[in-house]
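> next one to model:
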Amino acid sequence: MKLIILILVGMLLCLVIAYAASPTGITLIMGAGSGTSPTGIDLIVGLRGEAPINDCTYVSGDWIIDDGSDCVLSTVTDIGGNHFSLISGSVKIESTGGIRAKGCFINADQAMYIAEEGRLFCSN
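Numbering: from 1, shown residues only. Predicted structure coming up:
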């Protein structure tokens, strides 16, 4: 048991040093064991920093929203000859927003709201 405590303290000291050296920091979560750990302690370590980009942010290629994101578009996003698909999540296009795509697919179970002057252009 003492060895396990020493290992955990050593890991914690390494994390503190890494936290001080990293501009984004490190997240440390310790909790009661789930039964899969021989020590009974779960240790989860991850980088802390900017939030990951969700599916609301168009980068390139086909724009597929399938992670349950609730997107609000206030500007027109032209994805050129690529397709737009709303698989899981919701999209609200405000009066100043829009999507211009070669083709569009909206899953019947998902929410799509387009304000009176919002735009959804889907060509073949």
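
> could you list the domains of this structure?
In terms of domains, the chain is parsed into 2-47, 63-122 (source: automatic domain parsing).

> weakest of those in terms of mean pLDDT?
Note on these: lowest mean pLDDT is at domain 2-47, with a mean of 45.

> what's the closest residue to Ala111 other than its chain neighbours in contact with, if anything?
Leaving aside its chain neighbours, Ala111 sits nearest to Ser90 (3.8 Å; criterion: CB to CB, 6 or more residues apart in numbering). C-beta here means a position set from N, CA and C on the backbone, and glycine is covered the same way. Shown in contact with Ser90 (CB atoms under 8 Å, 6 or more residues apart in numbering): Ser69, Asp70, Cys71, Gln110, Ala111, Met112, Tyr113.

> secondary structure, distance to Cys122 and neighbour count added to those, as JSON lines?
Below are those laid out as JSON lines (DSSP: H, G, I helix; E, B strand; the rest coil; distance: CB to CB, whole Å; neighbours: other CB atoms under 10 Å):
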{"residue": "Ser69", "secondary structure": "strand", "distance to Cys122": "20", "neighbour count": "16"}
{"residue": "Asp70", "secondary structure": "strand", "distance to Cys122": "21", "neighbour count": "12"}
{"residue": "Cys71", "secondary structure": "strand", "distance to Cys122": "16", "neighbour count": "20"}
{"residue": "Gln110", "secondary structure": "coil", "distance to Cys122": "15", "neighbour count": "16"}
{"residue": "Ala111", "secondary structure": "strand", "distance to Cys122": "17", "neighbour count": "11"}
{"residue": "Met112", "secondary structure": "strand", "distance to Cys122": "12", "neighbour count": "15"}
{"residue": "Tyr113", "secondary structure": "strand", "distance to Cys122": "16", "neighbour count": "11"}
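
> quick one: the helices in this structure?
Shown for the chain, the helices assigned by DSSP state H span residues 2-21.

> what about stretch 83-96, start to end distance?
21 Å (CA to CA, to the nearest Å).

> which parts of it are buried?
Phe84, Ser85, Leu86, Gly89, Ser90, Val91, Lys92, Ile93, Glu94 (16 or more other CB atoms under 10 Å).

> fine by me, thanks again.
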